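**Q** structure, please.
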Amino acid sequence: MEKNDTIVDQELQLVIFKLAQEEYGLPITKVKEINRLVPITKLPQTPPFMEGIINLRSRIIPVIDLRKRFGIAVSEYTEESRIIIVEVSGETVGVIVDAVAEVVRIAAASVEPPPSSFALDAKYIQGIGKLEDRLLILLEIDQVLSSQETINLKQLTLQG
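**A** Numbers count the residues shown, from 1 in each chain. The predicted structure follows:
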């Protein structure tokens, strides 16, 4: 590796999705697949952001609503709503988003840390990516669930 072969030269490949009016990015390496909404089985005594479970090719997958998790006003699901199947702390989880926009590549050097005054809990945010005239909120998906919530999800999938 040459001296100037640094992070400046690296690219991030991101799946861009929408929540409310904002665009978020997930590293494509965390995304297993993207699906249309399917019927979700509600479970009793789960956190409010936990929508329930789905049967995905004979696997029980817990599903969370990112709007609820982030405290964003909840809206009706639409034809554009999707479930992104991701790997979170070693567990397969579905996250409901308003729409999936595209897959993009951005230079790692164009990502800045989130502002300290950020309204959303900063632990969820890896950084803010600049792509032409757009700002992308890059999620730290492994932080979206606490370790106890991850354990609880694992128990849900074992029961199913």
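
**Q** what ranges do the strands span in this protein?
**A** Using DSSP state E, the strands assigned to the chain run over residues 11-19, 22-27, 31-36, 50-56, 59-65, 82-88, 91-97, 99-107, 111-112, 125-131, 134-139.

**Q** ranking helices and strands of this structure by mean pLDDT, which lands last?
**A** helix 147-159 (a mean of 57; mean pLDDT, DSSP states H and E).

**Q** okay, and for the protein, where does confidence drop off?
**A** Within the chain, the segments meeting pLDDT under 70 span 1-9, 117-122, 146-160.

**Q** spatially central residue in it, please.
**A** For the chain, the residue nearest the mean C-alpha position is Ile141 (5.3 Å; Cα atoms, centre = their mean).

**Q** pretty sure that one is touching Thr29, no?
**A** No. Using Cβ atoms under 8 Å, Ile141 is not in contact with Thr29; the gap is 10.4 Å. C-betas here are computed from N, CA, C, even on glycine.

**Q** many thanks, we can stop here.
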